Every structure is written in structure tokens, then in C-alpha cells.
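Have a look at this prediction, sequence included:
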Amino acid sequence: MNCPDILLIEDSPSQALNFRLMLEQAGYRVQIADNGLDGWRAACALRPHLILLDIDLPMLDGFQVLDRLKRDRATRHIPVVMLSHRDQITSVEKALALGADDYLFKDDVALELHNVVAQAIALADANQA
């Protein structure tokens, strides 16, 4: 696969820029949506290889976006990695119960982002093969 597309749904401009730069340096194309509603619409229109989804978003929160994505036949196959500052186990459990493929704490992004993204895309490719 050549230069996978990633949709980043993140309302913090500084964090979105940081994530985008890290991902683009690793060879990914990144689109950014800054609220849940625009992110959900972008996911339906773009059908990216992976969605990085913040939980705390305006308009629709990350859980609402995830629920919509996983209930729609056109988007349910897209891997979703949740991003959050939250470290409560209930948030992780809720995200996984709604169909998230992984969960990444923002404090760990510098260390884990590349591995989590590569694993999610590889798993999605293997499932579609």
C-alpha cells in the first residue's frame, strides 16, 4: 500500500499539528477534522485507512463518532484508535466495547504513535486480504 491516509479528529490545534508532523514524517497522508461532526462526515467521505479519534470533542464526542462509524457498513471496517488524556479504565472499556481497535493515551504518543498506527493499518490490510 502506498502512503496510507489517516484521518485525525482532534480539536486541539497544537496537538493536531504535532500528531500530523509525526505521521507525515513517517510517510502517511493526514487529514484533520477539529470537531466530532466534521470528523464523522470526513470519515464517511474520505474512507481513510485509519482514524485517530480524540474522545473530548465539540459537537459529537469521540464515543458518539465511534458508535456512528461502527454502525455504518461503509465505515465499520476502518480501524479506529482512540486518543485521550483520560486514564480511567472505564473510558478504555467503553471505547473497546464500541469497537475501537486500540486506545492511546496522549502522554504516550511520542513513544507509541508509530507502532500503534502501523499495527492498526497492518491488521486492517490483513483482514481485507
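Okay, I see it.

Give me the most central residue, the protein.
residue 52 (1.5 Å; Cα atoms, centre = their mean).

what about that one, which helix or strand?
Secondary structure assigned from DSSP states H and E places residue 52 in strand 50-54.

Check which helices and strands that strand is in contact with.
Here strand 50-54 is seen to pack against strand 5-9, helix 36-46, helix 62-71, strand 80-84, helix 109-128 when contacts are counted using 3 or more Cβ pairs under 8 Å, 6 or more residues apart in numbering; DSSP states H and E. No exception for glycine: its C-beta is placed from N, CA and C like everyone else's.

Looking at those, which is nearest to residue 94?
Closest approach to residue 94 among the helices and strands packed on strand 50-54 is made by helix 62-71 (6.2 Å; Cβ to Cβ).

on that earlier part again, what's next to the strand holding residue 52, contact-wise?
With contacts defined as Cβ atoms under 8 Å, 6 or more residues apart in numbering, strand 50-54 is touched by 4-12, 19, 39, 43, 62, 65-66, 69, 78-84, 100, 104, 117, 120-121, 124.

Next, report how far it is displaced from the centre of its chain.
1 Å (Cα atoms, centre = their mean, to the nearest Å).
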